[in-house]
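Show me the folded form of this:
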Amino acid sequence: MTDKAPNSFDRTPLAAAIANACKGLVYVSETDAGIEPFFAEDDGGETAQAILKKEFSGEYAEQDFEQFFARLTADQAWHTPLQKRTVKKFRSLRSLLRSNLTELSVHRFGRIRIDILVVGRDADGNLAGIRTRSVET
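Numbers count the residues shown, from 1 in each chain. So this is what the prediction gives:
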């Protein structure tokens, strides 16, 4: 997982691609949080929710993958050139996840300080994706 020692996933092309796609991206809520790669080994065919509940706690909600990215990938007339580049980077990240992972889902843990994980299954059946945090009061 992201807070533990490097594992075999950290050395894969997919891990490198996700890490590269996350560079410089920030999830904006009442506080801003970086977007980080995430990985969790599947040790027995468990659901994504069951795997994630071993590490994260608090109120749980699932969100649609497309709904999560809708705000982050929408063009706005008022966007500055920097914001337009950020939208393109989020589109690239969404495309990377779509192209390389199956069973994509978004998991939210917490009520005010929320851990958000966007995950799917990689070719080996493990969870891979991104992690960020949100503050919502």
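
What residues of the worst-scoring helix or strand of the chain on mean pLDDT count as buried?
Every helix and strand in the chain was compared by mean pLDDT, DSSP states H and E; the lowest is helix 48-53, with a mean of 92. For helix 48-53, a neighbour-count test (16 or more other CB atoms under 10 Å) marks Ala48, Ile51, Leu52 as buried. C-beta here means a position set from N, CA and C on the backbone, and glycine is covered the same way.

where in the chain is pLDDT low?
For the chain, the stretches flagged by pLDDT under 70 are 1-10.

where along it do the helices fall?
With DSSP state H as the definition, the chain shows helices at residue ranges 13-22, 48-53, 65-73, 81-100.

To Gly125, which of those lies closest?
helix 48-53 (10.9 Å; CB to CB).

Measure how far that closest one is from the centre of its chain, please.
In terms of CA atoms, centre = their mean, to the nearest Å, the centre of helix 48-53 is found 14 Å from the chain centre.

do the same with stretch 76-87
In this view, stretch 76-87 has its centroid 21 Å away from the chain centroid, taken as CA atoms, centre = their mean.

Alright, that wraps it up for me.
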